[in-house]
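Novice: model this:
(2 chains)
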Amino acid sequence: MKSKRILVKGVEAIALGALAGGCNCYFGYPITPQNEIPELMSVELPKRGGVFLQAESETSAINMVLGASAVGARAMTSSSSPGISLMSEGFSYLIALELPCVIVNVMRGGPGLGGIEASQGDYFQAVKAPGHGDGKFLVLAPYSCNEAYELTAKAFELAEKYRNPVMILSDAILGQMKEPLTLKSPKIKTLEKDDWILSGAKDRPGRVIKSLFLDSAELAERNLKLKQKYQKMEVEIKFERLAEGSEELIIVAFGSMARICKEAVFNLRARGYPVGFFRPITLFPFPRKALCELAESHQKRKKFLVVELNCGQMVEDVASALCGKGDILSLAYPPSVLPFPEDIEREIIKCLNLSTSLNV
Amino acid sequence: MSKPFDFPKCLKRNTFHYCPGCHHGIVHRLICEVIDELNLKDKTIGLASIGCSCFLYFYIDVDILEAPHGRACSVATGIKRMRPDLFVFTYQGDGDFSAIGLGDSIHAASRGEKITAIMINNTVYGMTGGQVSPTTLLYQKTTTTPLGRDPQREGYPLKVAEILATFEAVAFCARSAVNNPKRVKETKNYLKKAFKAQLENKGFSYVEILSSCPVNWRMDAVSANYHVDKLTEVYPLGIFKELPPKK
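Specialist: The predicted model follows:
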């Protein structure tokens, strides 16, 4: 297959990935640092017979996505941290109504208005509680333009497979940096939807899509059904592991921070340091088993250094996954202080020399 | 002897859960009659909203989606933009349409979305127990204005039909009531005009229906029915805007 290479920003790679994944409508509201997504979609979607509409707010945009999804469209929205918070009621409804869609969060610094620099401060919001109630997103965290393109395309298939929203969790660095993207034609499956979408009650009784269940037994049953769905999603778990198991220390990082850490790990390994690298690509479901297997390999107790662009969030998931099978260390950079690989290397060496683990 | 009218085809034979004297049931029936008469059942999507009428799907046999509070016009926009061949209506209360959802409602109207919004204006939040709403009359007592709506504190009644009538992209905008037979017939006529405006792709259409809420007005059903006349002094009835037929 002939494939074309182009130079694009991360956010453009996301938009192109969405188009490759069959996205046929986009609803959104401007916010830095992701405006290139709606701008590209406003040009490309109408050309392909799709719909682009800029809403008057994020709350409105996510509800347009909700309506479009209910009639079978491959709907998408994108935003950045404060806008994502505004959408969260809609997220909860989308989960409850079992409506597929793709939501992109190009994270910026917070809390509040924060800033427009890179941050991974929305990790908890994305993986623990995107909205009220017990709902979950399937969360994908790319770390390059190529991966952003491929994961966004795939996200549309996954959303329909599980009838659940899928979030692409990116950040300002990954979103705004330019690098070569290889345009492929990914094979994205389209699933039959006629048995559940709203299309007009022709030759059948009216169909209802609702999330209100006043009967408590019925509501409990609904919640358990959703829980089972999240468990089924575990077959989608993806991660990158650069470790044989004999290492003394494993770096755990995702997204743009993983990019910086990976270089640090390469540099140190070339100099003979016993360092490995583990990158979750699905943040929910989290690769707990893979981390555990790594911790238990070679019967050697290891240190796990979790590096994040926030005040320490994913480290809690790593600690919970390892359940005491390794020593947990946290290296947390709040937004606006972006480390160089050399900074990480120094920290890794410090940690290797630590005799006792830090408690998280 | 011939029947003057029959049970509407798309009205389900469920007993209404609404309180005695509530007007929701009358409006539900009128919507069903118009859907039947315009033969729309096969292509209709209704948006239930949050409030007493969120159980719209118990009564109307068309495809129905439950929208979050205030968002029905945005949800309807997503549907209609992707399926312009369908007929889409929202059914909202004054709290849903004109308080929490006013932004969604105004912008959908201003964009001229080809949808029909029906706002049941009973001047209170019915389902939550009768709190003050944007359309509550001045000095009206509610559970959160125990001494009455004070214009210095809660401001003045919001006149939605009058606002929407000023929008270029609004094709049909009217206010009616259903507290006597003449007004019931008039409401049906307005609903039909509003539905047709959408079917003819003319723009956004809106019908506001003044309705009673005996329980939250602390009145019996008959007094509440007459009290709707008092509402018309603040909210005059009639067509506020109607675009001529397309040539």
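Novice: what's around the closest residue to chain A within chain B, how many residues?
Specialist: Per Cβ to the nearest Cβ, residue B:78 is where chain B lies closest to chain A, at 2.7 Å. C-betas here are computed from N, CA, C, even on glycine. Using other Cβ atoms under 10 Å in any protein chain shown, residue B:78 has 32 neighbouring residues.
Novice: ok, it touching residue A:61?
Specialist: No: applying Cβ atoms under 8 Å as the test, residue B:78 and residue A:61 come out as separate, 9.3 Å apart.
Novice: need the residues touching each of the two.
Specialist: Taking Cβ atoms under 8 Å, 6 or more residues apart in numbering or on different chains as the contact rule, the neighbours common to residue B:78 and residue A:61 are residue A:27.
Novice: now chain B, which segments are flagged as low pLDDT?
Specialist: B:247 (pLDDT under 70).
Novice: mind listing what the closest residue to residue B:213 other than its chain neighbours touches?
Specialist: Nearest residue to residue B:213, sequence neighbours excluded (Cβ to Cβ, 6 or more residues apart in numbering or on different chains): residue B:122, at 4.1 Å. By Cβ under 8 Å, 6+ apart, the contact list for residue B:122 reads B:23, B:93-94, B:210-213, B:216.
Novice: could you measure from residue B:122 over to residue B:181?
Specialist: 20 Å (Cβ to Cβ, to the nearest Å).
Novice: same check, this time on residue B:119
Specialist: Following Cβ to Cβ, the distance that separates residue B:119 from residue B:181 is 22 Å.
Novice: surely residue A:49 meets residue A:24?
Specialist: Yes: counting by Cβ under 8 Å, residue A:49 touches residue A:24, with 7.4 Å between them.
Novice: between those two, point out the one with more neighbours.
Specialist: Between residue A:49 and residue A:24, counted using other Cβ under 10 Å, the more crowded position is residue A:24 (19 against 7).
Novice: quick one: the more buried one and residue A:47 touch, right?
Specialist: No: counting by Cβ under 8 Å, residue A:24 does not reach residue A:47; the two are 11.8 Å apart.
Novice: coming back round to it: give me the more crowded residue out of residue B:119 and residue B:181.
Specialist: residue B:119 (27 against 8).
Novice: any idea how far the helix or strand hosting residue B:109 is from the chain center?
Specialist: Using DSSP states H and E, residue B:109 falls within helix B:102-111. Offset of helix B:102-111 from its chain centre (Cα atoms, centre = their mean, to the nearest Å): 15 Å.
Novice: list the buried residues of the very next helix or strand once past that helix.
Specialist: Moving toward the C-terminus from helix B:102-111, the next helix or strand (DSSP H and E) is strand B:116-121. Using 16 or more other Cβ atoms under 10 Å in any protein chain shown as the test for burial, strand B:116-121 gives B:116-121.
Novice: strand B:116-121 packs against which elements?
Specialist: helix B:24-37, helix B:72-82, strand B:87-93, helix B:94-95, helix B:102-111, helix B:181-199, strand B:204-210 (3 or more Cβ pairs under 8 Å, 6 or more residues apart in numbering or on different chains; DSSP states H and E).
Novice: ok, that strand: who's next to it in the sheet?
Specialist: strand B:87-93 (parallel), strand B:204-210 (parallel) (DSSP bridges).
Novice: could I get those strands as CSV with mean neighbour count?
Specialist: Listed next are these as CSV, based on neighbours: other Cβ atoms under 10 Å in any protein chain shown:
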stretch, mean neighbour count
strand B:87-93, 28
strand B:204-210, 28
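Novice: doesn't residue A:12 make contact with residue A:44?
Specialist: No: when contacts are counted by Cβ under 8 Å, residue A:44 is not listed as touching residue A:12 (10.5 Å).
Novice: so for those two, which sits in the more crowded spot?
Specialist: residue A:12 (21 against 17).
Novice: tell me which residues touch the residue nearest to that one when sequence neighbours are not counted, please.
Specialist: Nearest non-adjacent residue to residue A:12, counting by Cβ to Cβ, 6+ apart: residue A:36, 5.4 Å away. Residue A:36 sits next to A:9, A:11-12, A:15 when contact means Cβ under 8 Å, 6+ apart.
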